[in-house]
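>>> how would this look folded up:
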Amino acid sequence: MRFYVRKRRTTPAVIIVALIDVLIVLLIFLMVTTTFKQQQYMVKLAASSQAQKSGAGENPPLEVNVAADGKYSVGKEPKTIVEIKSELSARVKINPDLVLAINADEKAPWGQVVKIRDAAAEVKIKTLIAYTTKQAPKP
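Coordinates of the predicted model:
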């Protein structure tokens with residue numbers, strides 16, 4: 001009979017220092033990416049020295065205003081998006097060359113401007129001025 005002497009195996013070891021380094025890198029990566037998702041950029045439209053007053057051409061544009069809180073108005077009358085669509089379609093029937101100007105506040109939600117552009121596309125407005133600028137203050 002032969003007896004084998006079993007050698008003791010060393011237990012596997014995990015190098016904790018390397019594991020901590022990897023976890024710190026992952027933590028930093030997650031912190032940076034979640035910070036970018038929550039950050040909102042403030043965009044302030046620039047004033048232009050070449051800004052033209054509305055109605056300077058032969059066919060004055062219909063102006064739709066978007067306030068900072070996202071509410072619409074045509075002229076001074078507050079309107080909903082449904083009312084604006086119906087008014088645009090009525091005015092296009094009268095004047096097929098209707099020009100639409102969107103005056104959006106600096107802090108207006110961009111989604112509200114897109115809704116106006118979609119409404120203009122539905123009623124087939126050919127000319128759309130998607131932005132207007134204000135006259136730059138003179139130094």
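
>>> Now the helix or strand that contains Val32: buried residues?
Applying DSSP states H and E as the criterion places Val32 in helix 16-38. Under the neighbour-count criterion of 16 or more other C-beta atoms under 10 Å, helix 16-38 has nothing buried. Bear in mind the C-beta positions are built from the backbone N, C-alpha and C, glycine included.

>>> which helices and strands does the next helix or strand after that helix pack with?
Next along the chain after helix 16-38, taking DSSP H and E as the criterion, comes strand 62-66. Using 3 or more C-beta pairs under 8 Å, 6 or more residues apart in numbering; DSSP states H and E, the elements in contact with strand 62-66 are strand 72-74, helix 81-94, strand 99-104, helix 110-122.

>>> thinking again about what came up before, remind me what the helix holding Val32 packs against, helices and strands.
Partner elements for helix 16-38 (3+ C-beta pairs under 8 Å, 6+ apart): none found.

>>> Rebuild the helices and strands packed on strand 62-66 as JSON lines, extending it with mean neighbour count.
Shown next, in JSON lines, are these (neighbours: other C-beta atoms under 10 Å):
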{"stretch": "strand 72-74", "mean neighbour count": "17"}
{"stretch": "helix 81-94", "mean neighbour count": "14"}
{"stretch": "strand 99-104", "mean neighbour count": "20"}
{"stretch": "helix 110-122", "mean neighbour count": "15"}
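
>>> Please identify which of those is closest to Lys7.
Nearest to Lys7 among the helices and strands packed on strand 62-66 is helix 110-122 (70.9 Å), distances taken as C-beta to C-beta.

>>> Tell me how far the closest one lies from the chain's centre.
With C-alpha atoms, centre = their mean, to the nearest Å as the basis, helix 110-122 stands 13 Å off its chain's centre.
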